[in-house]
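Trainee: Sequence and predicted structure below; questions after.
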Amino acid sequence: MPIIHWFRRDFRLYDNTALWHAAGDAPDGIIPVFIFDDDILRHPDTGGPIVQFMLECLAELRDSLRRAGGDLILRHGRPDEELLELARAGHASAVYFNKDYAPGAIERDARVQRLLESEGIAVRAFKDQVIFEEREVLAESSGRPFIVFGPYRRAWQKRFDEIAADGGPRVAPRPRLRFPAALRTLRSIDLPHAADLGFNVAQTFEIAAGEQAARRMLRQFCAGPIRRYAQMRNLPAIVDGTSRLSPHLRHGTISPRQCIAAALEARREGGAAFREGVDGWLAELIWREFFQQILFNFPRVEHEPFRANWHRLKFPSDERAFERWWRGTSGVPIVDAAMRQLNATGWMHNRLRMIVAMFLTKDLLLDYRLGERYFMRNLIDGETAQNNGNWQWSAGCGTDAQPWFRIFNPVAQARRFDPDGAFVRRWCPELARVPVEFIHEPHLMSADAQRTARCRIPGDYPAPMVDHGQARRRALEFFGSLRRSAQSQRPPESTDGLR
């Protein structure tokens, strides 16, 4: 009997754990399936860019399966009902899939398992999108999950070294795929356009979708740019300063095992010259897993701050300020350039994500959840755990040893990481002729300098909507009430031993 492989966030044929096992366990072949789930498509966090990127990944996956002699069955509906109908029609004995750790996904998968197993259809779920999942990395002294990254990273590395000594984690090759004759008779919808699903997409992606693009990008990054990662990762004008693989990890067109294996190979071949860059990039992959286990072990963070006392704060409501932030008209060039990059391409450089998040939560004093949702709706790599964890880190209400009193100065950040204004000039062309000494504070130009630069302020470019010095003092006063409840800053789940 065949086995259904249910694709979700694993749009690849290489090193796909559930697919590998399905191919090996199914003597009569596999039935590849993807289901358009209205619970996801209608969720307020789902936006057009991520749907469009997903559709492009699906198109390549379907083509790859067709070249292998099969096809991708597409359905639109409730996953439990569609999988049951497919299993009956295709005489499948089981459904295999890779795990997802978001609370909604866990509930969905539990419903699928209950229904299918009640009908005698086996269900197997596999760890795939992380190296260590759920509660595999815990504090030895207490058996509790870590809530601070530093100790988690050390424990993660220790566990990784142990399995590496035994030859793991292994990168599985592309399996030999067989398909049942019934595959041709199963009902399948046409691959829709984003508009068919209710989404308008205006962005032009600068990152190509699909497994082949992901594999190519990983090879190119590890062949050279990873060597300079530690020095270049914070410079947004450097195109290859980062791997830009986050959309591919989000959609599963590349696996973390492939990434780590390629990085470690680069370090072995490149020697000491590559060590700092490789180690820095691997730390970012560990950050990804840290937030995954935070979301799994503390699912409430999906909707509320990790720090319990944060609920006491009443954030101001300022729709106009929020609009100026997301439109890229704040009058702070580095913030505006970053938001325009996001709005135009569906992606934003990681350093810039921190800058704009800090500006929204500290300079404007707006609730981090406004920015968190905006990112999810406009990023091609929007992922619940990472997006939530990073926004709470920036706001100061998450898993961090230096919470609310960390406040970035956006101009200082810009001068450090975009010193000649190359990134700002690309995304704020009205500032193209502004002298470098004023590029990050163009409002300080004299009237004559503005005329020479052909940039009137306000007019061609807005004046800053806030003064950072004043905003910082306001933020410290606003969040200062948390100091008086220092004990409640530590969530009840945490202990001194985990911090």
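Mentor: Done, it's in.

Trainee: In three-state terms, label N390 for me.
Mentor: helix (DSSP: H, G, I helix; E, B strand; the rest coil).

Trainee: Mind checking what secondary structure F199 has?
Mentor: F199 - assigned by three-state DSSP - is coil.

Trainee: Next, count neighbours for it.
Mentor: 19 (other Cβ atoms under 10 Å). Using the backbone N, CA and C atoms, a C-beta is placed for each residue, glycine as well.

Trainee: now do S118
Mentor: As a burial measure, S118 scores 9 neighbours (other Cβ under 10 Å).

Trainee: do P419 as well
Mentor: Residues near P419, counting by other Cβ under 10 Å: 13.

Trainee: cool, the one 3 residues further on as well?
Mentor: Using other Cβ under 10 Å, A422 has 14 neighbouring residues.

Trainee: quick one: contacts for the residue nearest to it when sequence neighbours are not counted?
Mentor: Once flanking residues are discounted, A422 sits nearest to A237: 3.9 Å by Cβ to Cβ, 6 or more residues apart in numbering. Residues near A237 by Cβ atoms under 8 Å, 6 or more residues apart in numbering: 418, 422-423, 426.

Trainee: same deal with R153?
Mentor: Counted by Cβ under 8 Å, 6+ apart, R153 has contacts 283, 286, 290.

Trainee: Am I right that it falls within a helix?
Mentor: Yes: assignment of R153 by three-state DSSP places it within a helix.

Trainee: Could you measure from it over to F146?
Mentor: Counting by Cβ to Cβ, to the nearest Å, the gap from R153 to F146 is 9 Å.

Trainee: that older thread, need the phi and psi values for the residue nearest to A422.
Mentor: Per-residue torsions, A237: phi -80, psi -10 (degrees, to the nearest 10).

Trainee: which neighbours do R153 and F146 share?
Mentor: F290.

Trainee: Check what pLDDT the residue most central in space within the chain gets.
Mentor: When Cα atoms, centre = their mean is applied to the chain, the residue found nearest the centroid is E383 (4.0 Å). In this prediction, E383 carries a pLDDT score of 96.

Trainee: residues in contact with the spatially closest residue to G47 that is not a sequence neighbour?
Mentor: Excluding the flanking residues, the one nearest G47 by Cβ to Cβ, 6+ apart is R377, at 3.3 Å. Shown in contact with R377 (Cβ under 8 Å, 6+ apart): 44-49.

Trainee: now the residue nearest to L72 when sequence neighbours are not counted: how far from D381?
Mentor: Nearest non-adjacent residue to L72, counting by Cβ to Cβ, 6+ apart: R62, 4.0 Å away. Relative to D381, R62 is positioned 22 Å away (Cβ to Cβ).

Trainee: Next one: P49 from V201, what distance?
Mentor: 6 Å.

Trainee: I meant T361, not that one.
Mentor: Distance of T361 to V201, computed by Cβ to Cβ: 28 Å.

Trainee: out of those two, which sits in the more crowded spot?
Mentor: Neighbours were counted for T361 and for V201 using other Cβ under 10 Å; T361 has more, 27 against 18.

Trainee: from memory the more buried one sits against R369, does it?
Mentor: No: contact criterion Cβ atoms under 8 Å: T361 and R369 do not qualify, at 9.9 Å.

Trainee: Contact partners for I207?
Mentor: So I207 contacts 213, 217, 244, 247, 345, 347, 380 (Cβ under 8 Å, 6+ apart).

Trainee: again, 6 Å this time
Mentor: Contacts of I207 were listed using Cβ atoms under 6 Å, 6 or more residues apart in numbering, and they are 244, 247, 347.

Trainee: re the thing from before, selection in ChimeraX covering whichever of the contacts of A237 are buried, please.
Mentor: Selecting the buried subset of the contacts of A237 in ChimeraX, with 16 or more other Cβ atoms under 10 Å as the burial test, is done by:
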select :418,423,426
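
Trainee: neighbours of D37, just the number please.
Mentor: The burial count for D37: 19, using other Cβ under 10 Å.

Trainee: Grab the nearest non-local neighbour of it.
Mentor: Using Cβ to Cβ, 6+ apart, the closest residue to D37 is P79 (5.7 Å).
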